[in-house]
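Visitor: Turn this into a model:
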Amino acid sequence: MNITSKKKLFLIVTLLTTIVAVVALNMSAIAANHSAKAKAEITNVTVNNGEITVRFDMLNYKANKVSLEFTIAKWVNDQIGWINMLQRNRIYEEGATEVVRAGNLRVEVTKGKDGFSYTFKHKDAAIDFSKGAYWTHKKPAGEGEYGAYINHILSEIERHGKWDADAIYRIGVTSRQDERFTAVAYTTGTGTAIAADNAPNQSITLASCASCHAGGTFKAHSNRRHDPQLCFSCHNNFTYDSMNSVAEADGWASVDMQTMIHSIHAGIDGYKVAKADYSSTPNIIKNCAACHKGDVPVPVRGY
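Guide: Numbering: from 1, shown residues only. Next comes the predicted model:
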């Protein structure tokens, strides 16, 4: 190797070393500003002509910008349960079936003089929920009997997703960063706060899940969503699994919370959600009190 080549090699190594040092320094700065113990708390929800504004605190959090995911769901009744007010189509990957799936809004929020605040927006425009459930992506389509099947689901979303001033809505704020934090609040369609204890569908709590899932740790969704209240917002009767569905009438695989969680904990051979196979999960389905603390709900689907 000649002298010129050695100099080039030395410069390249020096440059790479500098880059690594800068990245490490930046990561240290991020770690210093992003507390692993950060917690989110929704302090106020304002409803203004169908627009939803959420104010929240990031407790023990030093950074002025945070990457978050927002959800909103409506409680309909015991037969329907929760319906997400954000809807979308979903194709998991090439070759999978296009289905309906609950949606969310992933945004970065910068702290203002009055703290953290966010108005539900899509493509830089505030979402008018007074018109009902909002589609962030296109609606699935089909022909013949399959098309009728799809259109029935879409009409049910429209019917149950209509804005109701007297209904109870769940607002969710979830971390999109390395830190794990989730905040949940309940409100009426006019913005009146509802205590969580007075909200419907509270038969499963984080404490009951933590009896098996130590520390409330769940592999799904990169362990970022860890409050079962929030899980019900998306995993409802209008959310389907693209990977395990087929494009035919009644061919969509439901991943509503009741079906999914009961199936997972029944240890059903070959049961999958997306690409995850839960065949080896221990069968605890006969022990209702293991998950349902307090009042155990009456089975309505044969479980």
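
Visitor: Was I right to think residue 140 contacts residue 99?
Guide: Yes - Residue 140 is within contact range of residue 99, at 6.4 Å (criterion: C-beta atoms under 8 Å). The C-beta positions use only the backbone N, C-alpha and C, and glycine is treated the same way.

Visitor: Give me the common contacts of these two.
Guide: residue 89 (C-beta atoms under 8 Å, 6 or more residues apart in numbering).

Visitor: quick one, which of the two is more surrounded?
Guide: residue 99 (26 against 23; other C-beta atoms under 10 Å).

Visitor: can you tell me which residues contact the more buried one?
Guide: Contacts of residue 99 by C-beta under 8 Å, 6+ apart are 89-91, 140, 240-242, 245, 252.

Visitor: how about 6 Å then?
Guide: 90, 240, 242, 245, 252 (C-beta atoms under 6 Å, 6 or more residues apart in numbering).

Visitor: and which of those is nearest residue 149?
Guide: Ranked by distance to residue 149 (C-beta to C-beta), those are led by residue 252 at 8.1 Å.

Visitor: Around the closest one, how many other residues sit close by?
Guide: 23.

Visitor: just the one 5 residues further on next, same as before
Guide: Other residues lying near residue 257 total 21 when counted by other C-beta under 10 Å.

Visitor: any idea how far residue 93 is from the closest residue to it other than its chain neighbours?
Guide: Distance criterion C-beta to C-beta, 6 or more residues apart in numbering; nearest residue to residue 257, sequence neighbours excluded, is residue 235 at 4.2 Å. Applying C-beta to C-beta, to the nearest Å, the value for residue 235 to residue 93 is 20 Å.

Visitor: wait, doesn't residue 43 sit right on residue 58?
Guide: No - in this structure, residue 43 is not within contact of residue 58 by C-beta atoms under 6 Å, at 10.9 Å.

Visitor: Please identify which of these two sits among more neighbours.
Guide: residue 58 (25 against 14).

Visitor: Low-confidence ranges, the stretch 101-250 of the chain, go.
Guide: Scanning the stretch 101-250 of the chain for pLDDT under 70 picks out 202-208, 210, 214-226.

Visitor: in it, which spans are strands?
Guide: Listed in chain order, the strands of the stretch 101-250 of the chain (DSSP state E, counting those that start in this stretch) span 105-110, 116-119, 121-122, 125-126, 134-135, 168-175, 182-188, 193-194, 240-241.

Visitor: As a markdown table, these with mean neighbour count would be great.
Guide: Formatted as a markdown table, those follow (neighbours: other C-beta atoms under 10 Å):
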| stretch | mean neighbour count |
| --- | --- |
| strand 105-110 | 14 |
| strand 116-119 | 18 |
| strand 121-122 | 14 |
| strand 125-126 | 11 |
| strand 134-135 | 18 |
| strand 168-175 | 24 |
| strand 182-188 | 20 |
| strand 193-194 | 14 |
| strand 240-241 | 21 |
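
Visitor: Mind putting the ones you listed into JSON lines with distance to residue 50?
Guide: Shown next, in JSON lines, are the strands of the stretch 101-250 of the chain (distance: least, C-beta to C-beta, whole Å):
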{"stretch": "strand 105-110", "distance to residue 50": "16"}
{"stretch": "strand 116-119", "distance to residue 50": "11"}
{"stretch": "strand 121-122", "distance to residue 50": "13"}
{"stretch": "strand 125-126", "distance to residue 50": "9"}
{"stretch": "strand 134-135", "distance to residue 50": "10"}
{"stretch": "strand 168-175", "distance to residue 50": "12"}
{"stretch": "strand 182-188", "distance to residue 50": "13"}
{"stretch": "strand 193-194", "distance to residue 50": "18"}
{"stretch": "strand 240-241", "distance to residue 50": "27"}
